[in-house]
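>>> Generate coordinates for the sequence data below:
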Amino acid sequence: MRHALLLTLMLTVPPAYTLADDAPTTTETNNLLGLPPVPIPANNPQTPAKIALGDKLFHDKRFSVDGTVSCANCHDEKKTFTDALPVSVGHNGLTGTRNAPTVLNAAFNPSQFWDGREADLEGQAKQPLVNPVEHGLSDHKQVLEIIRTDPDYLATFQNVFDVSAKNLTIDHVAQAIASFERTLVAGNSPFDRYYFNSQKDALTAAQVRGFELFTGQGRCVSCHTIEQDHALFSDGRFHNIGVGINQIQQDVPRLAQAFLEVKNKGGDVDVLVLTDKKSSELGRFAVTDDLSQIGAFKTPTLRNVELTAPYMHDGSLLTLKEVMVHYNNGGVDKAGEKVNDFLSGGIRPLNLTDPQLDDLVDFMKALTSSKLSSKPAQTAN
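Numbers count the residues shown, from 1 in each chain. Next up, the predicted model:
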C-alpha cells in the first residue's frame with residue numbers, strides 16, 4: 001500500500017478555527033488538489049470586500065517610515081511571494097537576519113515566522129510594521145493615522161467591519177491582510193496529480209525515484225509530511241538541522257543568557273531576532289526559553305520550493321542541491337565535522353549518492369503548482 005510508506009502526521013486545526021470548504025481563493029478549484037480546506041478563524045470570516053481591502057493594504061507602501069516598503073516588498077507575487085534574497089531588505093536599505101518565507105499556503109501553518117512566535121496570520125501581519133529594520137514605524141498609530149486621512153480606506157473599513165474612524169484599530173487592519181493572505185493557496189502540482197489522482201505519467205522516472213528516496217532512505221517525509229488525502233509537506237514543528245547555529249557554538253551560552261535578560265526586561269522578541277545575527281540563530285528558544293530548542297526553526301513547506309530560493313531561515317543555501325548535500329552530510333557543513341550540541345536527533349548522515357541527490361532535487365521540482373511559472377526567480381548575489 002502506498003500510504004504504508006509514509007510517516008503520517010494528522011493536521012490538527014486549532015479550536016478557534018473552522019474548516020471552510022468554500023473559502024474564497026485566488027485559485028481555481030483544481031489548484032487546490034493536494035491541499036486541505038483553508039482554515040478560517042471563527043472571528044474573522046472571509047468576505048470578498050475584506051479580501052480586496054487586505055490586498056490593498058498588503059501593497060500599500062505608505063505604511064513604512066520612508067514610504068518605500070509594503071508587505072509585497074518581501075512577498076512579491078512575481079517571486080512566488082518571496083523576495084528571492086537571502087535576508088530581506090527594509091526601509092532605507094536596512095537588512096534583517098531572516099529569509100522571507102513564501103506567503104503561498106501560509107494559511108495552513110499552525111504558527112507563523114521561522115520561530116513560530118505568532119500563532120496566526122493576524123498576529124504576524126502586525127509585527128513587520130513596527131520592526132526597526134522592516135517598515136520602521138514607531139507604533140501602529142501611524143498606520144491608523146494614514147487610514148483615517150484616506151476617505152477611500154475609511155469608507156471601505158466602514159463597509160467591511162462596520163467601524164468608524166474613531167473605533168478603527170490595528171486588529172481590523174491585520175484581519176483584512178490575513179483574509180487576503182488566506183486566498184494565496186496553490187496546489188495541483190505534478191506530485192498531487194500522481195499521488196492523489198493516480199496519474200502515473202505526471203512524474204518523470206527521476207521524480208518517481210526521488211519520491212521513493214523522499215519516503216525511504218532520505219527520510220524527508222519524517223518532517224515534510226504527507227497525509228492520505230492532502231500534503232502540506234511540513235509537520236509545523238521546530239528542528240535544529242545545523243544551519244547557522246553550527247557557526248556560533250562557542251557563543252551560545254553567552255547569547256542565551258543575554259537574550260533572556262533583555263527579554264525579561266520587556267525586550268521585543270521580533271526586534272531582537274531581526275536586528276542581531278547571532279541572537280537570530282537561537283531560533284525557537286527565543287520564544288519558548290527552552291534550551292532544547294536552541295537553533296530550532298520551523299519546518300518550511302516544500303510546495304513550490306523550486307521557485308523560492310535561497311533556502312533556510314538565513315538564506316544561506318542557494319540551491320536545492322546544496323540543501324540535499326547539507327542533509328546528506330548529517331546537518332554539518334562537511335561530512336565528518338563536529339555536530340552542534342543541539343542538533344535534532346533525526347539529523348544524521350543519509351549516505352546517498354550524488355545521482356540520488358539529483359533525483360531528490362527532481363522530485364522537489366514536481367511540487368510546483370501548475371498555476372506558477374516553472375522558472376525560479378533570480379537570487380541576489
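
>>> now the helices: where do they sit in the stretch 151-300 of the chain?
Taking DSSP state H, counting those that start in this stretch as the criterion, the stretch 151-300 of the chain carries its helices at 151-161, 170-181, 190-195, 205-215, 252-264, 269-275, 277-280, 285-288.

>>> Indicate which one of those is closest to Asn304.
Asn304 lies closest to helix 190-195 among the helices of the stretch 151-300 of the chain, at 11.2 Å (C-beta to C-beta). (Glycine included, C-beta is placed from N, CA and C.)

>>> pLDDT averaged over that closest one, what's the number?
When the per-residue pLDDT values of helix 190-195 are averaged, the result is 98.

>>> One more: stretch 315-323?
Averaged over stretch 315-323, pLDDT sits at 97.

>>> and after the helix or strand of the chain with the lowest mean pLDDT, which helix or strand comes next?
Among the secondary structure pieces of the chain, namely its helices and strands, strand 17-20 has the lowest mean (mean pLDDT, DSSP states H and E), a mean of 35. Taking DSSP states H and E as the definition, the helix or strand that follows strand 17-20 towards the C-terminus is strand 38-41.

>>> partner strands of that next one, parallel or antiparallel?
The strands that strand 38-41 pairs with in its sheet are strand 17-20 (antiparallel) (by DSSP bridges).

>>> list the contacts for Asn73?
With contacts taken as C-beta atoms under 8 Å, 6 or more residues apart in numbering, Asn73 has the following neighbours: 61, 83, 88-90.

>>> Read off the pLDDT value for it.
Taking Asn73 on its own, its pLDDT is 97.

>>> Any regions of the chain where pLDDT drops low?
Applying pLDDT under 70 to the chain flags the ranges 1-29, 333-338, 373-381.

>>> If we use 90, what do you get?
Along the chain, the parts satisfying pLDDT under 90 run over 1-31, 246-250, 255, 258-259, 261-279, 332-341, 345-346, 371-381.

>>> Name the residue closest to the centre of it, please.
Most central in the chain under C-alpha atoms, centre = their mean is Pro101, positioned 4.0 Å from the mean C-alpha point.

>>> roughly how far apart are that residue and Phe196?
Taking C-beta to C-beta, to the nearest Å as the measure, Pro101 and Phe196 are separated by 24 Å.

>>> and if you look at Glu322?
Taking C-beta to C-beta as the measure, Glu322 falls 30 Å from Phe196.

>>> more crowded one of these two?
Here Glu322 and Phe196 are set side by side on neighbour count (other C-beta atoms under 10 Å), and the busier one is Phe196, at 19 against 15.

>>> If we ignore the residues flanking it in sequence, what's nearest that one?
Spatial nearest neighbour of Phe196, excluding adjacent residues (C-beta to C-beta, 6 or more residues apart in numbering): Gly34 at 5.5 Å.

>>> ok, and the closest non-adjacent residue to Val252?
Here the nearest residue to Val252 in space, its sequence neighbours aside, is Ile294; by C-beta to C-beta, 6+ apart that works out to 6.2 Å.

>>> pretty sure the one you found is touching Asn240, no?
Yes. With contacts counted by C-beta atoms under 8 Å, Ile294 reaches Asn240, the gap being 6.9 Å.

>>> Name the residues contacting each of those two.
By the contact definition C-beta under 8 Å, 6+ apart, Ile294 and Asn240 are jointly contacted by 283, 342.

>>> Could you check which of these two has the larger neighbour count?
Between Ile294 and Asn240, counted using other C-beta under 10 Å, the more crowded position is Asn240 (26 against 21).

>>> Would you mind stating the distance between that one and Gln293?
Asn240 is 8 Å from Gln293, where distance means C-beta to C-beta.

>>> between those two, what contacts are shared?
Contact criterion C-beta under 8 Å, 6+ apart; residues shared by Asn240 and Gln293: 283, 342.

>>> hmm, back to that, what sits against the residue nearest to Val252?
Taking C-beta under 8 Å, 6+ apart as the definition of contact, the neighbours of Ile294 are 240, 245, 252, 256, 282-285, 342.

>>> Leaving out chain neighbours, which residue sits closest to Ser64?
Counting by C-beta to C-beta, 6+ apart, the residue nearest Ser64 is His135, at 4.1 Å.

>>> tell me, how many neighbours does that neighbour end up with?
Using other C-beta under 10 Å, His135 has 24 other residues around it.

>>> Doesn't Ile146 belong to a helix?
Yes. Under DSSP: H, G, I helix; E, B strand; the rest coil, Ile146 sits within a helix.
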